[in-house]
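# below is the sequence, then the predicted model.
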Amino acid sequence: MKVALITGITGQDGAYLAEFLLKKGYEVHGVKRRSSLFNTDRIDHLYHDPHEPNVKFKLHYGDLTDSTNLIRLVQEIQPDEIYNLGAMSHVQVSFETPEYTANADGIGTLRVLEAVRLLGLTKKTRVYQASTSELYGLVQAVPQSETTPFYPRSPYAVAKLYGYWIIVNYREAYNMYACNGILFNHESPIRGETFVTRKITRAASKIALGLQSCLYLGNLSAQRDWGHAKDYVEAMWLLLQQDKAEDYVIATGVTTTVREFVKLAFGELGITIEFSGKDENERGVVIDVDKDRASELNLDPELLKLGQTVVKVDAKYFRPAEVDLLIGDPTKAQKQLNWKPKYDLAGLVKDMMESDLHLVKKDDYLKKGGFKTLNYFE
Ligand code: NDP
Ligand code: GDR
């Protein structure tokens, strides 16, 4: 039985990857941070009481900023594979916490590699690094492939640049099986609520139920290559199953603006949005409501009025330096890993909207029953 160690197990990708590896028969260990509230929502369904026999899923307290902790965990677990997914992963927040981001995302990667090296596990343990399309930053060429030059545009991306190169360096210097998955944006129903796709799918659901009046966004013209996280965790695993460690771009090859994503999300609810105005004055207005779709979804078709503004721009969401256009070239992964995503953008939006509409309806039901519902901040 193979043993895997995942940092960032409580995050979107950690949860899907853990599920994927358990299905493959792995023993899965995850590093979770101590927090004052439970932070294991995404993986609770995988958890078993550790007193039961043959438990295959184990959690350990730890942090990427703590090398002795990482060394101890790697020593105890003796993993065949480490997936380093832990990171302060929000680009905008990295402008506010640049030093912490460098420590966790950049030096954190070094700490994982050093744990493997110092414990003499370079021949046994393979390391996957969660690298990112944010490395490309300021557009040099499109579509972006493994050979496109990097030009990071945020403290997050600069920290990840260190992570990328230290992986390459340890591979070359110590002959380790260490590789970078340069993953383009990937989303899902369990995506963090402050990333733009999830912010949109949740807000569209709330607006359709009359629980929110307007969605405030930043740069509507940013273009992203959005895939589904379920497809992308399979690629992570494939990267560690090859004869030779190499770096790969994982992407769909299709790019879409934030504006278009908004239209698709509302479209799932039968609500047609049209955008007008420029820059900070741009707004999204309801121009049609499909009554059949509304009744199919048990929504009130009269709730939204034609001409009603449901999307506005708030400059507070603009970034000090933006990444305007990402579109990946996944040819190498398709050819060498035989990797192909199952979801397209329409499938992704549908999956996220179904889930968020369900969650918001549940919240609404609780609220109407006089129960306290969750507050969401972003
Ligand atoms: P999430 O933000 O959902 O999850 C990040 C995880 O890292 C969480 O488990 C978080 O713990 C943990 N973490 C944060 N700081 C530390 C720390 N100091 N020590 C240990 N763990 C820490 O991110 P995703 O799942 O979306 O992304 C996974 C990885 O892939 C990240 O490294 C991200 O930068 C990278 N990436 C993501 C892409 C995407 O589109 N999703 C694309 C390309 C790369 P907690 O739950 O306690 O906050
Ligand atoms: P990104 O994802 O920065 O690409 O990083 P995010 O969803 O935060 O932003 C995508 C684009 O949307 C624009 N945008 C907004 N973004 C947010 N969060 N909130 C808004 O209100 C908003 N309005 C417009 C942004 O400016 C940006 O252009 C994600 C993370 O998962 C990283 O960890 C990962 O490395 C990259 O994807 C690939």
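Nice, thanks for sending it over. Numbers count the residues shown, from 1 in each chain. Ligands and ions are numbered 1, 2, ... in the order given.
# does Gly8 touch Ile82 like I think?
No - between Gly8 and Ile82 there is no contact under Cβ atoms under 8 Å: 11.2 Å. C-beta coordinates here come from the backbone N, C-alpha and C atoms, glycine included.
# of these two, which one has the most company?
Neighbour count, other Cβ atoms under 10 Å: between Gly8 and Ile82, Ile82 has more, with 29 against 24.
# what about the helix or strand the more buried one falls within and ligand 1, touching?
Assigned by DSSP states H and E, Ile82 belongs to strand 81-84. No - judged by Cβ under 6 Å from any ligand atom, strand 81-84 and ligand 1 are separated, with a smallest distance of 7.4 Å.
# touching ligand 2 at all, the helix or strand following that strand?
Counting by DSSP H and E, the element after strand 81-84 in chain order, helix or strand, is helix 91-96. Yes - applying Cβ under 6 Å from any ligand atom, one finds that helix 91-96 is in contact with ligand 2 at 91-92.
# contacts for helix 91-96?
By Cβ atoms under 8 Å, 6 or more residues apart in numbering, the residues outside helix 91-96 that reach it are 88, 101, 134, 154-157, 159, 317, 319-320, 323.
# quick check: mean pLDDT of it?
Taken as a whole, helix 91-96 has a mean pLDDT of 98.
# so which bits of the helix or strand following that helix are buried?
Following helix 91-96 in sequence order, the next helix or strand is helix 98-101 (DSSP H and E). For helix 98-101, the neighbour count (16 or more other Cβ atoms under 10 Å) marks 98, 101 as buried.
# now swap in stretch 185-201 and tell me
In terms of neighbour count (16+ other Cβ under 10 Å), stretch 185-201 has its buried residues at 185-191, 195-201.
# out of those, which are inside strands?
186-187 (DSSP state E).
# nearest to Glu76 among the buried residues of stretch 185-201?
Closest approach to Glu76 among the buried residues of stretch 185-201 (Cβ to Cβ): Ile190, at 28.5 Å.
# which SS state does His29 fall under?
Here His29 is recorded as strand under DSSP: H, G, I helix; E, B strand; the rest coil.
# what number of residues lie near it?
Neighbours of His29 under the rule other Cβ under 10 Å: 24.
# would you map the strands across the stretch 1-150 of the chain?
Along the stretch 1-150 of the chain, counting by DSSP state E, counting those that start in this stretch, strands occupy 3-7, 27-32, 57-61, 81-84, 126-132.
# can the fourth one be found next to ligand 2?
No - figure legend: strand 81-84 not in contact with ligand 2 (Cβ under 6 Å from any ligand atom); closest approach 13.3 Å.
# contacts for the strand holding Ile82?
Strand 81-84 has contacts (Cβ under 8 Å, 6+ apart) with 2-8, 14, 17, 64, 74, 108-109, 112, 116, 125-130, 163, 236, 240.
# rerun at 6 Å
Strand 81-84 is contacted from outside by 4-7, 109, 112, 126-129, 240, using Cβ atoms under 6 Å, 6 or more residues apart in numbering.
# equivalent analysis for stretch 29-38, please.
Stretch 29-38 is contacted by residues 5-7, 9-10, 58-63, 77 when judged by Cβ under 6 Å, 6+ apart.
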